[in-house]
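Student: Give me the fold of what follows.
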Amino acid sequence: MKLAPALALAGLLAGAAHAQTMKPGLWEFKQTPQLDPARKAQMEQAQKAMENMPAEQRQMMEKMMAQRGVNVSMSGGAITIKTCITKEQAERNMAPMTHHGNCSQDVKRSGSTIQTHFVCTDPASEGDAVVTLRGNEGFTNDVTVRHQRQGKTETTKVSGEGRWLGSDCGTVQPMKDQAKP
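Tutor: Purely as a prediction, here's the structure:
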């Protein structure tokens, strides 16, 4: 499992939560993909590769991610991303998003539940997300993404949560909004 799609997915989820004002500060997005045994093994291998990476190489990778405002860890089958939401981003009611393709969204909200259908290009995919807001300090989500791989439709399901950790971001830098290609 490549890390970039996971980040894009987390960015999409964070964006879906924007309909309610987010608090500025340190946020944690924890996403757990429901993977078939082969994909689960790939994720475990990626985690072991990170753990066994020479310290200098791992630090370089962590520094590169931190410069983009992301602190990522993978353990127990979950992908955890910590990022800092600036006051300006919170005032726009929009978490920073990482785009790896052009996406359109149809968003419907009823109370604290947001349902989104999205269609993306590059890579082509489509899916549905249900986000349940927990005030301005968190949300839970369930996402289903469908895409073509070697002529077959693959479906990936992800469940997770986002939560506000506090107003002080510490050493975690704000994620920079990335323009669509």
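Student: low pLDDT regions in this protein?
Tutor: 1-21, 66-76, 92-101, 175-181 (pLDDT under 70).
Student: Contacts for whichever strand in it runs longest, please.
Tutor: Criterion DSSP state E: the longest strand present in the chain is strand 152-166. Residues from elsewhere that reach strand 152-166, judged by C-beta atoms under 8 Å, 6 or more residues apart in numbering: 9-10, 13-14, 17, 22-23, 25-35, 78, 82, 136-148. (Glycine included, C-beta is placed from N, CA and C.)
Student: Who is residue 158 paired with across the strands?
Tutor: With DSSP bridges applied, residue 158 shows beta-bridge pairing to residue 33, residue 143.
Student: Next, count neighbours for it.
Tutor: Residues contacting residue 158 under the criterion other C-beta atoms under 10 Å number 22.
Student: could you measure it against residue 32, distance?
Tutor: 7 Å (C-beta to C-beta, to the nearest Å).
Student: got it, and residue 88?
Tutor: 30 Å.
Student: For those two, indicate the residue with more neighbours.
Tutor: Shown here are residue 88 and residue 32; by other C-beta under 10 Å, residue 32 has more neighbours (15 against 10).
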